[in-house]
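J.: Return a 3D structure for these sequence lines:
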Amino acid sequence: MPIRIYTSRLPTGINGMALFPFILINEDLIGTTKEIIVRNHESIHYQQQKELLVLPFYVIYLYEFLVNINKGLNRRKAYRQISFEKEASANQNNLNYLKTRKKFTSFNL
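T.: Residues are numbered from 1 along each chain as shown. Sure, this is the predicted structure:
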């Protein structure tokens, strides 16, 4: 189970971040519907990190981002095209997703 930390120290525009074994959430979201969605999104990343034994997740994440930038995508679009982000974004509103998620789903999108 990840350790959740609520903080005001995330970069501007970032609502949450999964840095194994932590999930950092912007404290301004506490008690909002957005908090639940961000928490679920980052929990999906936590599971992705766990199944890849953490370090390979970050290597693949950065690699995909750089490949997307090299294809001419701007930073926002390059970020959205990362396989891990596609899975988390597509399922962040499904609060039961992690109960039925199959391992390595990110690579099947």
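
J.: next helix or strand past the longest helix anywhere in the chain?
T.: Determined from DSSP state H, the single longest helix within the chain is helix 33-51. Sequence-wise, the next helix or strand downstream of helix 33-51 (DSSP states H and E) is helix 55-70.

J.: Packing partners of that following helix?
T.: Counting contacts by 3 or more Cβ pairs under 8 Å, 6 or more residues apart in numbering; DSSP states H and E, helix 55-70 is packed against helix 33-51, helix 75-80, helix 83-91. Where you see a C-beta, it was placed from the backbone N, CA and C, and this is true even at glycine.

J.: buried set for that helix?
T.: Across helix 55-70, burial judged by 16 or more other Cβ atoms under 10 Å covers 57, 60, 61, 64, 65, 68.

J.: and the third one, what pLDDT?
T.: In other words, residue 61. On the pLDDT scale, residue 61 is placed at 98.

J.: if I look at it, how far off is residue 81?
T.: Distance, residue 61 to residue 81, by Cβ to Cβ, to the nearest Å: 12 Å.

J.: three-state assignment of the most far-flung residue of the chain relative to its centre?
T.: Within the chain, the residue lying farthest from the chain centre (Cα atoms, centre = their mean) is residue 72, at 22.7 Å. Classification of residue 72 using DSSP: H, G, I helix; E, B strand; the rest coil returns coil.

J.: likewise residue 24?
T.: Going by three-state DSSP: residue 24 is strand.

J.: give me the number of residues near the nearest residue to it once chain neighbours are set aside?
T.: Distances taken as Cβ to Cβ, 6 or more residues apart in numbering place residue 17 nearest to residue 24, at 4.6 Å, with adjacent residues excluded. A count of nearby residues for residue 17, using other Cβ atoms under 10 Å, gives 17.
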